[in-house]
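1. Quick one, fold the following:
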Amino acid sequence: MKTQHFTIAIDGPSGAGKSTVAKILAAKLNILYVDTGALYRTIGLYVFRAGVDPKDADAVVALLPSIQIEVTYQNGKQVVYLNGENPGEEIRRPEISMYASAVSAIPAVRTFLLETQQKTARENSVIMDGRDIGTVILPNADLKVFLVADDTVRAQRRLDELKTKGIETTLDEVLTDMQTRDANDRNRAVAPAVQAPDAVLLNNSSLTIEGTADAIIALMKKKKIKFALNAPKKKNFSRLFNFVYVTLHGIVRFLHRIKVKGSENEPKPEQGPYLLVSNHLSWRDPILLCAAIAWQQPHFMAKKELFAIPGLAALIRSLGAYPVNRGGADVGAVKNTIAMLQGGTCVGMFPQGHRYPGVHPSTTPIKNGVGLVAYRAGVQILPAAIVMKNHKSRFLCRKTVVFGKPISHEELMAHGGAEKDYLKMTQYVFDAVCALQDENHG
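-> All right, here's what the predicted structure looks like:
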């Protein structure tokens, strides 16, 4: 079916799932997701660097002529350049979030970014989410959706999100804050968060995120928008790995008595690459993890000496191994890992750095590599636990591989956002691994 150029605007209060469903729809429809928040964060970063109070409207407006913002898309992901520089994850730092919130309330800033957003929509089929997309940014969008959910449902979603970030609060506190923010957004003088007259009201209180995406696709069909859904991608395996997987993974799982839990948590190829993070008990661990996965082949570091053995190097490379110098900090291997993830390849890492059989992983030291790689690569993390009796690996003993819910890059950034926080971010991920160990041991 021939598709058309189209734009989708999703507005609504916080907690309705706008950003999450917009990203899912962008992947399903093979269109661009415009992260409007990243644009305000970029201006917030410039104001922060300039040492200007973000609430001083006159001072902020005076900086605008010296700001040049360019939006590009690399491997399907939005990249925002600030005066020719890609600030990367610096715009996700907590203090920059506060600056972004302050500058977004300044009318001149919103006007400044308006053309950037509308230019992207003119040149591409896009989906945007926010609070004034259908009323101000894309007033002529082909489909406008005002996404809502009951207050208590939205508050519970937000509470669950905060808990995953280690932030303690109560449902009543979250509900009160949310209702206050809703009122402020509705009543602000510039671009208030109200439903556009031609927007479709969609209450997703009883819907999952996937169900919400399906409901919006149904609205597109009703509007007779011509689009094509991406076909689900096949397994992301290399040719040799696929041969070995098909022929041997059943045997490996039988001989090692591997039981797999949480397979539904493994991201599929269309959901992007992930950093697989696990505890480390034995040299067999990469084999166990590869036998347990179902969709995307993880690649693991192997000591460089193995790559000097004739014939073996080609074999292990084709199976996904790449060299690392274990004698010290191998900057080249770290850069290679980041490049692989950014290029769409999944990678496995062990925060402990060494094997620690016979002890609970929470009692072992960890290194900061996971935090460093995750911060620089900007990908989701799949926590996994290898569970064995007495934490010791034996050939015929029962082994359970448990995959936890993926940790988004945004969730991880809530626990850091700067180089000094690499170890803190690694600890957050490893705590999730240890929690899976505790939930499934014994």
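
2. Tell me who's in contact with Phe227.
-> 3-4, 6, 29, 220 (C-beta atoms under 8 Å, 6 or more residues apart in numbering). Backbone N, C-alpha and C define where each C-beta goes, glycine included.

3. Tell me the secondary structure at it.
-> Secondary structure state of Phe227, per DSSP: H, G, I helix; E, B strand; the rest coil, is coil.

4. what comes into contact with the longest helix anywhere in the chain?
-> If you go by DSSP state H, the chain has its longest helix at helix 422-440. With contact meaning C-beta under 8 Å, 6+ apart, helix 422-440 is reached by 166, 261-262, 277-279, 351, 360-362, 366-372, 374-375, 381, 383-385, 387, 400, 402, 404, 407, 412, 415-416.

5. ok, Thr426 - how many residues close by?
-> Neighbour count of Thr426, defined by other C-beta atoms under 10 Å: 26.

6. Can you tell me the closest non-neighbouring residue to it?
-> Gly371 (3.9 Å; C-beta to C-beta, 6 or more residues apart in numbering).

7. and that neighbour, what is it in contact with?
-> Gly371 neighbours (C-beta under 8 Å, 6+ apart): 412, 416, 421-427, 429.

8. Mind putting the residues you listed into TSV with pLDDT and distance to Arg317?
-> Shown next, in TSV, are those (pLDDT from 0 to 100; distance: C-beta to C-beta, whole Å):
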residue	pLDDT	distance to Arg317
Leu412	80	30
Gly416	63	33
Asp421	83	33
Tyr422	88	28
Leu423	89	31
Lys424	89	34
Met425	90	30
Thr426	92	27
Gln427	92	32
Val429	93	27
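
9. Dump those into TSV; add distance to Lys55 as well.
-> Output for these, formatted as TSV (distance: C-beta to C-beta, whole Å):
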residue	distance to Lys55
Leu412	29
Gly416	26
Asp421	27
Tyr422	32
Leu423	34
Lys424	29
Met425	30
Thr426	35
Gln427	34
Val429	35
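
10. List buried residues within those residues.
-> Burial by neighbour count, 16 or more other C-beta atoms under 10 Å: within these this picks out 412, 416, 421-423, 425-427, 429.

11. Can you list the neighbours in contact with the one helix or strand Asp214 maps to?
-> Assessed by DSSP states H and E, Asp214 sits inside helix 209-222. Residues outside helix 209-222 that contact it (C-beta under 8 Å, 6+ apart) are 6, 8, 10, 17, 20-21, 24-25, 28, 143, 145, 147, 200, 202, 204, 207, 227, 229.

12. picking up where we left off before, any of the contacts of Phe227 buried? List them.
-> The buried subset of these - by 16+ other C-beta under 10 Å - is 6, 29, 220.

13. Might you report the residue contacts of the second one?
-> It refers to Leu29. 125, 127, 227-230.

14. can you list the weak-confidence ranges in the protein?
-> Low-confidence segments of the chain (pLDDT under 70): 1-3, 74-76, 94, 164-166, 230-256, 327-328, 391-396, 414-419, 442.

15. list the buried ones in the longest strand that it contains?
-> Under DSSP state E, the strand in the chain containing the largest number of residues is strand 380-388. Neighbour-count burial for strand 380-388 flags 380-388 (criterion: 16+ other C-beta under 10 Å).

16. Contact partners for the closest residue in space to Ala57 that isn't next to it in sequence?
-> Leaving aside its chain neighbours, Ala57 sits nearest to Ile106 (4.9 Å; criterion: C-beta to C-beta, 6+ apart). Shown in contact with Ile106 (C-beta under 8 Å, 6+ apart): 57, 60-61.
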